[in-house]
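S.K.: any chance you can model this:
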Amino acid sequence: MKRTERVTALRGMDDNDFARELTALHTEWRNLRFEEAIGRLTATTRIRQIRKDIARIHTLRTERAIDAALREATAPATTSTTVAS
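M.R.: This next block holds a predicted model:
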């Protein structure tokens, strides 16, 4: 999968999907590091891809948090006003 396709797929995910994807990536990363330690790793580039995907997910989560905070800060205040008689 190309990088742009991967980013597009990640942008379509919600927070629960991010959590599941992070768990899966961390598990795969741990297994690959173990294989590397014992000398059985053949897909050496996969470790780098996983690390980049993890970073992309964290970046997208941060972007969403910043966007939500900006929307909240710029949202019109909903205060009730009373008319004095």
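
S.K.: can we go C-alpha only for contacts and neighbour counts from here?
M.R.: Fine.

S.K.: which other helices and strands contact the helix or strand containing F34?
M.R.: Taking DSSP states H and E as the definition, F34 sits inside helix 15-38. Other helices and strands packing on helix 15-38, by 3 or more CA pairs under 8 Å, 6 or more residues apart in numbering; DSSP states H and E, are helix 44-74.

S.K.: any buried residues in the helix it packs on, and which?
M.R.: 47, 50, 53-54, 56-57, 60-61 (16 or more other CA atoms under 10 Å).

S.K.: point out where this protein drops to low pLDDT.
M.R.: Across the chain, the ranges flagged by pLDDT under 70 are 1, 77-85.

S.K.: can you do 90?
M.R.: Residue ranges of the chain with pLDDT under 90: 1-11, 75-85.

S.K.: so the most centrally placed residue in the chain versus E63, what's the distance?
M.R.: Per CA atoms, centre = their mean, the C-alpha nearest to the average position across the chain is that of I57, at 2.1 Å. Distance of I57 to E63, given as CA to CA, to the nearest Å: 10 Å.

S.K.: picking up where we left off before, OK, contacts around the residue nearest to the centre of the chain?
M.R.: Contact partners of I57, counting by CA atoms under 8 Å, 6 or more residues apart in numbering, are 10, 18, 22.

S.K.: returning to that earlier point: with respect to R40, which of the buried residues of helix 44-74 is nearest?
M.R.: Taking CA to CA as the measure, R40 lies nearest I47 of the buried residues of helix 44-74, at 13.4 Å.

S.K.: for that closest one, which residues are in contact?
M.R.: By CA under 8 Å, 6+ apart, the residues touching I47 are 29, 32-33.

S.K.: same thing but 10 Å
M.R.: 25, 28-33, 36, 41, 53 (CA atoms under 10 Å, 6 or more residues apart in numbering).

S.K.: count of residues packed around W29?
M.R.: By the criterion of other CA atoms under 10 Å, W29 has 19 neighbours.
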